[in-house]
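A.B. asks: Got a predicted model here, sequence first, then my questions.
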Amino acid sequence: MDKVKKFFGNRLAVAILSIALGVVFIVLRSGVISVGIMVLGIVLLIAAVIFLITFFTSKAVPKPKQNIIFAIISAIIGILLLVNPPFIGAFAFIVIGIILIIVGVLDLFEAFKTSGPSKGVSIIVAILLIVLGIIMFFNPIGFMDIITVFIGIALLVNGVVMLVASAAEGPSASEG
């Protein structure tokens, strides 16, 4: 019985966390992406320090040069991410937009070369990729806002569904 209560208690905690994260994503929008980029920058700086420590403490002869290279690359990227997270986020979405446009155009050409029942679906998917890429390219900040709101809604719905399912299926954490 304790395992059952623990399972439903954990499920309840995950549901509440999902709802809270959903609200944060919806309210903060692109700020969430900026925080994520900053966290990634910090992680890369920590990785750079670890690579440096590994390089200097390695007993291998000759020293593994890839560690110093990884340390330098990690440090540079980490610093760039920390300097201006909104710019890096926008830049990333612009690059992804360009990639989606290229992939969509190539897929569109391939779709017109094929025949059969999947041709129409392939054309529609290619056009959607191109449109999505254009939106990301010309309005990356707006796209960041939209994507975080969608993620927030998904987290919110997931949390509510888990909360309802937890309440309907068994004992709550408050009974333990």
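C.D. replies: All right, it came through fine. Numbering: from 1, shown residues only.
A.B. asks: The residue lying farthest from the centre of the chain in helix, strand or coil?
C.D. replies: Within the chain, the residue lying farthest from the chain centre (CA atoms, centre = their mean) is residue 61, at 39.6 Å. At residue 61 the chain is in coil, as set by DSSP: H, G, I helix; E, B strand; the rest coil.
A.B. asks: Ignoring the adjacent residues along the chain, who's closest to residue 144?
C.D. replies: Excluding its sequence neighbours, the residue lying closest to residue 144 (CB to CB, 6 or more residues apart in numbering) is residue 30, at 4.1 Å. All C-beta spots, glycine's among them, are computed from the backbone N, C-alpha and C.
A.B. asks: I figured the one you found was touching residue 143, is that so?
C.D. replies: No - counting by CB atoms under 8 Å, residue 30 sits too far from residue 143 to count as a contact (9.2 Å).
A.B. asks: what about the residue nearest to residue 144, how many residues close to it?
C.D. replies: 22 (other CB atoms under 10 Å).
A.B. asks: got a list of what it touches?
C.D. replies: 86, 89, 141, 144-145, 148 (CB atoms under 8 Å, 6 or more residues apart in numbering).
A.B. asks: Of the residues you listed, grab the buried ones for ChimeraX.
C.D. replies: Selection of the buried residues among these in ChimeraX, burial being defined by 16 or more other CB atoms under 10 Å:
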select :89,144,145,148
